[in-house]
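[1] my questions concern the predicted model and sequence given below.
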Amino acid sequence: MTRHVLSIIPLPPALRDGIARHYRLHESAPDFGAAAVADVEAVVTNGSTGLTAAQMDRLPRLRVICSMGAGTENIDIADAHARGIVVTNAPGANAATVADHAIGLALALARGLRTLSNRLARGEAWTSLRAPRASLNKSRVGIIGLGQIGRMVAERAAACGADIGYHNPSPKPGAPGTYYADPLELARNSDFLFACCPGGPRTRHLLNREMFQALGPGGVVINVARGSVLKTDDLLEALRAGQLAGAGLDVLEEEPEPPAALLAELAGMDNVVLTPHISGRSPAAILVQLDMMLESLEDGLSGRPPRYAVRPSAPA
């Protein structure tokens, strides 16, 4: 029996090929376009793109929704559960890769890698560019969200000689560093502030004007969480006014097609390092995601409870 799977997000080739070896794979934009949806039993999405109740209405045979990563914030899990549709994700599959990327963004900004490379390429004198640069060593690193990614960022930063602080809904047993119940207090005591928290209403615009003022003109903000966590207008205001030392952004509020004017302005700033939401993409991470997704698809379509099933959240 042919099983039809619809992906409404762009898939890395290895993931696409792996799914297509086992299922009839359809690929489409989130509005489904001309995709053949009548026979679709499973949808591949991610936390940013999600899947709404209205979209589920168009998929009469839908049985499984697979999120490519850990995020599920824009999937209507409660509605899916009410319909008997299983929602799965891939917790921790790319956590190490995201943590590596986050530290890379911080080091690139602290050490001025982009700026110095560009200025040397323009022919500026080698000896004129050798002013001391900040480093993670002896710095104060603040982490918002101490899940798997946040913990791995903390481990990597500590290995560089940084002092660690973190904010989380509650203290984590055995967590490294100092717990801050107030994220503003964490920002005041940080040189580098990493966003590693889930997206969704509870964290929307958590990184805002107040946070940037608390971080101060020597501070660097790194966002490898979700674009919704950071208020873009407030960040631009702070960067234009010199109220932040820099920003490393792997995610933006408007994805997958951010406004061209926004991209041009951010890319034109020497103290911004911008990447196109690739922090979780490495060959190793994609293979783990593939294994987890294939297991979830097989279990969900066979009527077995998937190991990585996501339940609706309790009311706040």
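    Perfect, thanks for sending it.

[2] just the pLDDT for the residue lying closest to His101 once chain neighbours are set aside.
    Excluding the flanking residues, the one nearest His101 by Cβ to Cβ, 6 or more residues apart in numbering is Ser279, at 3.7 Å. From N, CA and C alone the C-beta is placed, and that goes for glycine too. On pLDDT, Ser279 comes in at 96.

[3] in a strand, that's where Ser279 is, yeah?
    No - assigned with DSSP: H, G, I helix; E, B strand; the rest coil, Ser279 falls outside any strand and is coil.

[4] okay, it and Gly248: tell me how far apart.
    10 Å (Cβ to Cβ, to the nearest Å).

[5] so what sits against both of the two?
    Ala102 (Cβ atoms under 8 Å, 6 or more residues apart in numbering).

[6] the residue nearest to His101 against Ala102, yeah?
    Yes - assessed by Cβ atoms under 8 Å, Ser279 is found in contact with Ala102 at 6.7 Å.

[7] who has more neighbours, these two?
    Ala102 (28 against 25; other Cβ atoms under 10 Å).

[8] what's whichever strand or helix holds that one packed up against?
    Per DSSP states H and E: Ala102 is located in helix 95-110. With contacts taken as 3 or more Cβ pairs under 8 Å, 6 or more residues apart in numbering; DSSP states H and E, helix 95-110 sits against helix 148-159, strand 192-195, strand 220-223, strand 246-249, strand 272-274, helix 283-302.

[9] and the contacts of the very next helix or strand once past that helix?
    Toward the C-terminal end, the helix or strand that comes next after helix 95-110 (DSSP H and E) is helix 113-121. Applying Cβ under 8 Å, 6+ apart, the set of residues contacting helix 113-121 from outside is Leu107, Ala108, Trp126, Leu129, Asp270, Asn271, Val273.

[10] ditto for stretch 283-295
    Contacts for stretch 283-295 (Cβ under 8 Å, 6+ apart): 12, 14-15, 18-19, 22, 44, 66, 68-69, 88, 90, 93-94, 96-97, 306-308.

[11] can you tell me which of the helices and strands packed on helix 95-110 is nearest to Phe32?
    Of all the helices and strands packed on helix 95-110, helix 283-302 sits nearest to Phe32, with 19.0 Å by Cβ to Cβ.

[12] can I get that closest one in PDB? Just the C-alpha atoms.
    Output in PDB follows, covering the C-alpha atoms of helix 283-302 (Å, rounded to 0.1, in the frame of the first residue of the first chain):
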ATOM      1  CA  PRO A 283      25.000  16.100   7.900                       C
ATOM      2  CA  ALA A 284      25.000  14.400  11.300                       C
ATOM      3  CA  ALA A 285      22.000  16.200  12.600                       C
ATOM      4  CA  ILE A 286      20.000  15.500   9.400                       C
ATOM      5  CA  LEU A 287      20.700  11.800   9.600                       C
ATOM      6  CA  VAL A 288      19.400  11.700  13.200                       C
ATOM      7  CA  GLN A 289      16.300  13.700  12.200                       C
ATOM      8  CA  LEU A 290      15.700  11.300   9.400                       C
ATOM      9  CA  ASP A 291      15.900   8.200  11.600                       C
ATOM     10  CA  MET A 292      13.600   9.800  14.200                       C
ATOM     11  CA  MET A 293      11.100  10.900  11.500                       C
ATOM     12  CA  LEU A 294      11.000   7.600   9.700                       C
ATOM     13  CA  GLU A 295      10.400   5.900  13.100                       C
ATOM     14  CA  SER A 296       7.600   8.300  13.800                       C
ATOM     15  CA  LEU A 297       6.000   7.900  10.400                       C
ATOM     16  CA  GLU A 298       6.200   4.100  10.600                       C
ATOM     17  CA  ASP A 299       4.700   4.000  14.100                       C
ATOM     18  CA  GLY A 300       2.100   6.600  13.500                       C
ATOM     19  CA  LEU A 301       0.800   5.200  10.200                       C
ATOM     20  CA  SER A 302       0.800   1.700  11.600                       C
END
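
[13] gap between the residue positioned nearest the centre of the chain and Thr127?
    Nearest to the geometric centre of the chain sits Ala225, at 3.7 Å (Cα atoms, centre = their mean). Shown here: Ala225 relative to Thr127, a distance of 40 Å by Cβ to Cβ.

[14] likewise for Val229?
    The separation that Val229 has from Thr127, given Cβ to Cβ, amounts to 41 Å.

[15] the two: which has the busier surroundings?
    Shown here are Val229 and Thr127; by other Cβ under 10 Å, Val229 has more neighbours (24 against 6).

[16] contacting residues around the more buried one?
    Ile144, Ala195, Cys197, Gly199, Thr203, Arg204, His205, Leu206, Leu207, Asn223, Val251.
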